[in-house]
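Q: below are the sequence and a predicted model; questions follow.
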Amino acid sequence: MIDLLEHYAVAIMAILLGVVLAMFLVLIFFAILNRLWHNRGISRKREASESIQPLIYSYLDGSINRSDFAARLKNKHDITATWESIEIMIDNLSGEERKKLQMLLDLPPIKKHFLRKLNSRKPISLAQACVYFSKKTLTDKSIAVRLSVLQEHSYNVIAYAATLALVNTTNQGFRDMALLRFLLRKNNASMAVSDIIFKYYDISDDKEVAAEKLEFFVMNPDIPDKTRAAVIRMFPELGFYQTADTLRDLLQINVKNDPTGELTAALLGVLIDFSDQKLREIVEKHRLWESPSREVRLKVPGVYADIYGEETTRILLGLAHDPELEVRMAAQRQLLKHRPLISESRFEPDISTEWRAMKKSGDADVSNG
Amino acid sequence: MFLTGNFLLGITVLVIFYFFALNLLYIILVVISYRSIRKFRDVDSIFNMTGVYSTNLYKPVSIIAPAYNEEQSIIASVNALLNIRYANFEVIVVNDGSSDKTLQELIDYFRLKPDNRYRPAFLDHKPIRQIYSSPRYPALVVVDKENGRKADALNAGINMASKELICAVDADSILEPDVIVKMLRVFMEDEKTVAVGGVVRMANGCTYKHRMIDQIRLPKSWLGRVQAVEYLRSFLFGRVGWDSLDALMVISGAFGVFDRNAVIRAGGYLHDTVGEDMELVVRLHKYHRQNNLPYRIRFIFEPVCWTEVPEDYKTLSRQRNRWHRGLADTLYRHRDMLFRPAYGRVGTIAMPYFLIGELLAPLVELSGFFIVALSWWLGAINISFALLFLSFSIVLGMILSLSAVLLEEMTSKRYERATDILILALYAFLENIGYRQLHAWWRIRGLVDFLRGKRDWGVMVRKGIKT
């Protein structure tokens, strides 16, 4: 019996060894094949690029026309090379040359190539299509619809790229809808929101209208607070000083219903940047220095940057004893501006050590200020 | 005799079971890594497209570089850090009580002046002697402090950092020029991210230009080449796989980007451990899980930095000994997380794996050889089976290593020459003969040293990266 078991064990082990040896050889073969395939792809791409580049220049200087150019596009390598060259050139050119390049993007073989990608399931193809449509003047409604569907893609970067394509169109309706749909998403990263907002504003012909639209969006409670906070943080960057009243109203509405404090902190930060004169009233009415949110408490000392007096000192002294070091530092920094000679007896013993250190440094450059 | 034979047979069966279970997990990790790399490769290509995230509205980063006795290379290192392609960053060099001229070199070259800025004490560290800044290089801050080892220096740097994210780097590593942007992509894809690590590659054998990698070549030495395979395996299917399972436990100390507030809340780097990088990551998991905070700790498959690895047995043995002590120390400190579902996959899969499949692996491996030999001598096992099993384990190890080489080939393709790939495949075989057993021995010694309470780093002899 034991001999039989041993026999089977040896046979199974021999088979397993044979299988793994075969796998090893297959893997080696695959590695080499993969490298050869890659090298071939590179050389074909290089050849295509070398033949297309002079053609683009000939087209730009008028030696050949669009249909001549289209006739020279023989395969997908040529189309890719054309797209890659135009993609780089288009942002560096202006006027007539830029328009001519944009017309090349409308060539039927190129458009067909990217339409196919737009309906593909591969993320990379989808993104390529999005970037392609972001470079040309989008007028086709069916493409806009497809792009808006992609705004719900599970890959955040695809949703971002689809939004980018729609925001780059000249159709204001497409742009606004796309932006709203993007902002309504639940899992946008704040950096992506900032990027899209900047681009939306940058290519808006009427900046006033763009500011009003964004003002309107941040009042929308269906947009996640995290996203609204990211949009609001862009306002000083874009110089939206005219939005101070709206932001103050939003702060009043929101201050009691902001469990994370993220939106309140963003609003405080922006209104401080705008040197809003009525901000202090709201802060004191809602006693924001007692907010459970560390981010909110961190902003409060900034409200009192240019407000002096015993009440200010009392609030700042309270914050100078906050459990969070960053809040204490921000408060002590303001105190140093307002009352540098304030008696140390007004600080708890632990905190007075911090206060002495802060004073000694002269608060020239508090690294976390 | 009969009882001994049965006992040895039982142990042999256990060793075989251990071997199959561990390798099954490795195979699962390879498959998961392959899928994950394919996905991330797509996302990465999208980020590289013109016009995507082109506004540079990225989160600001403080790069913290602890330096200890690096007078030869410190200027080149800091210059390389200052030349990183990024919009909003600062470089904080922490001179950790160097006994050579590291500080003086920095003062002279960057024309540093004493800076009286306030130093918030979020994290404990040895006293700071002086802070310096330079009017000519506003992005640079140099902190001169008493020696307290790397973790202590990093804590001092975190206290000085003014940006939202911190990036811990080894001053002697070579960074990829767009490294920060690469790492930031992860933060952009998922807002909950609190830490990101990347692939650390071997700089030995490569050539440089202006302190950047110029040509990527394999090292010439046997030990260097074996480690090249080892690094690929460890990073490309080890960490990528654990990342996909949301159970990453290590971000290399050579390079990692962290959310500064998350690190401060978790308590910063621990001073009295030799595995401070792994310990911090495990503590971040623990902190976020215990406080029910949403978080992700991620790993990207792209090379982010290049570092010199030891090519002599003595230094390598010391390094591996230290790594194993660090692993033992982290697992011991956080033993309350083991097998606890409250800590998610980290507690239920990753930590048990690191305990059984990493910490105890060298013991099982070496005792396995001994027991199989003894069993054969006592006639407890069949010699044909023993030899076939040995061959099988070697070939399976080769396949796993080759899978890592293939993952590299399918992703970054950093080795330009096809011959390098063949050499790596050859060393995937050769590492099983001698090196693997030696490595297991070094790790056993590390475990013994940990049990004896050894805490020092040991001297690391480096040739230095000549740029």
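A: Now that the structure is in, tell me what you want to look at. Numbers count the residues shown, from 1 in each chain, chains lettered A, B, ... in the order given.
Q: tell me where the stretch 101-250 of chain B has helices.
A: With DSSP state H, counting those that start in this stretch, the ranges of helices along the stretch 101-250 of chain B come out as B:102-110, B:149-160, B:179-189, B:222-232, B:240-244.
Q: sorry, slip of the keys, the one I care about is the stretch 201-350 of chain A.
A: In the stretch 201-350 of chain A, the helices defined using DSSP H, counting those that start in this stretch lie at A:207-218, A:225-238, A:244-254, A:262-273, A:279-285, A:294-303, A:310-319, A:325-338, A:349-361.
Q: quick revisit: rank the helices of the stretch 101-250 of chain B by pLDDT, which is bottom?
A: For these, mean pLDDT drops lowest on helix B:179-189, to a mean of 83.
Q: for it, buried residues please.
A: Within helix B:179-189, the residues that count as buried by 16 or more other CB atoms under 10 Å in any protein chain shown are B:179-189. C-beta here means a position set from N, CA and C on the backbone, and glycine is covered the same way.
Q: thinking again about what came up before, compare the helices of the stretch 201-350 of chain A and say which comes out lowest on pLDDT.
A: Among these, helix A:349-361 carries the lowest mean pLDDT (a mean of 75).
Q: picking up where we left off before, of all the helices of the stretch 201-350 of chain A, which lies closest to chain B?
A: Comparison of the helices of the stretch 201-350 of chain A against chain B by CB to the nearest CB identifies helix A:349-361 as nearest, at 4.0 Å.
Q: by contact count, what packs against that closest one?
A: On a contact count with 3 or more CB pairs under 8 Å, 6 or more residues apart in numbering or on different chains; DSSP states H and E, helix A:349-361 meets helix A:325-338.
Q: what's in contact with the helix it packs on?
A: For helix A:325-338, contacts defined as CB atoms under 8 Å, 6 or more residues apart in numbering or on different chains pick out A:294, A:297-298, A:300-302, A:304-305, A:308, A:312-313, A:316-322, A:342, A:351, A:354-355, A:358-359, A:363, A:366, A:368-369, B:118, B:120-122.
Q: kindly report the same for stretch B:74-82.
A: Stretch B:74-82 is contacted from outside by B:63, B:65, B:67, B:70, B:91, B:93, B:102, B:105-106, B:109-110, B:137, B:139-140, B:169, B:171-172, B:174-175, B:211-212, B:467, using CB under 8 Å, 6+ apart.
Q: filter these to the buried ones?
A: B:63, B:65, B:67, B:70, B:91, B:93, B:102, B:105-106, B:110, B:137, B:139-140, B:169, B:171-172, B:174-175, B:211, B:467.
Q: circling back to that earlier point, out of the helices of the stretch 101-250 of chain B, which comes closest to chain A?
A: helix B:179-189 (4.6 Å).
Q: got the CA positions of the closest one in CSV?
A: Taking Å, rounded to 0.1, in the frame of the first residue of the first chain, the C-alpha atoms of helix B:179-189 are listed here in CSV:
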residue,chain,number,x,y,z
VAL,B,179,8.6,61.1,-9.4
ILE,B,180,6.3,63.4,-7.4
VAL,B,181,3.8,63.8,-10.3
LYS,B,182,3.7,60.1,-10.6
MET,B,183,2.9,59.6,-7.0
LEU,B,184,0.4,62.4,-6.9
ARG,B,185,-1.6,60.6,-9.6
VAL,B,186,-2.7,58.1,-6.9
PHE,B,187,-3.8,60.9,-4.6
MET,B,188,-5.8,62.3,-7.6
GLU,B,189,-7.4,59.0,-8.3
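Q: show me which residues of the stretch 151-300 of chain A sit near chain B.
A: A:155-158, A:160-161, A:164, A:187-192, A:194-195, A:198-199, A:226, A:234, A:237 (CB under 8 Å from any CB of the partner chain).
Q: could you rerun that using 7 Å?
A: Within reach of chain B by CB under 7 Å from any CB of the partner chain, the stretch 151-300 of chain A has these residues: A:155-157, A:161, A:164, A:189-192, A:194-195, A:198-199.
Q: buried among those? Make that a ChimeraX selection.
A: The ChimeraX command for the buried members of these (criterion: 16+ other CB under 10 Å) is given here:
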select /A:155,156,157,161,164,189,190,191,192,194,195,198,199
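Q: quick check: the farthest pair among the residues of the stretch 151-300 of chain A next to chain B?
A: Farthest-apart pair in those is A:Y155 and A:F198; separation 21.5 Å (CB to CB).
Q: next one: the closest residue to A:R233 other than its chain neighbours from B:D115, what distance?
A: Nearest-residue entry for A:R233: A:A266, 5.3 Å, with adjacent residues in sequence omitted and distances by CB to CB, 6 or more residues apart in numbering or on different chains. Distance, A:A266 to B:D115, by CB to CB, to the nearest Å: 31 Å.
Q: give me the longest helix you can find in chain B.
A: Among the segments of chain B that qualify as a helix by DSSP state H, the longest is helix B:2-47.
Q: which other residues reach the next helix or strand after that helix?
A: Per DSSP states H and E, the first helix or strand lying C-terminal to helix B:2-47 is strand B:61-67. Residues from elsewhere that reach strand B:61-67 (CB atoms under 7 Å, 6 or more residues apart in numbering or on different chains): B:74, B:77, B:81, B:86, B:89-96, B:98, B:102, B:150, B:153-154, B:157-158, B:161-163, B:165-169, B:171, B:180, B:257.
Q: quick one: strands adjacent to strand B:61-67?
A: Strand pairing for strand B:61-67, determined by DSSP bridges: strand B:89-96 (parallel), strand B:165-169 (parallel).
Q: angle of the following helix or strand past it against strand B:61-67?
A: Using DSSP H and E, the helix or strand that follows strand B:61-67 in sequence is helix B:74-82. With axes from the mean of the first three to the mean of the last three CA atoms, to 10 degrees as the basis, helix B:74-82 and strand B:61-67 are set at 170 degrees to each other.
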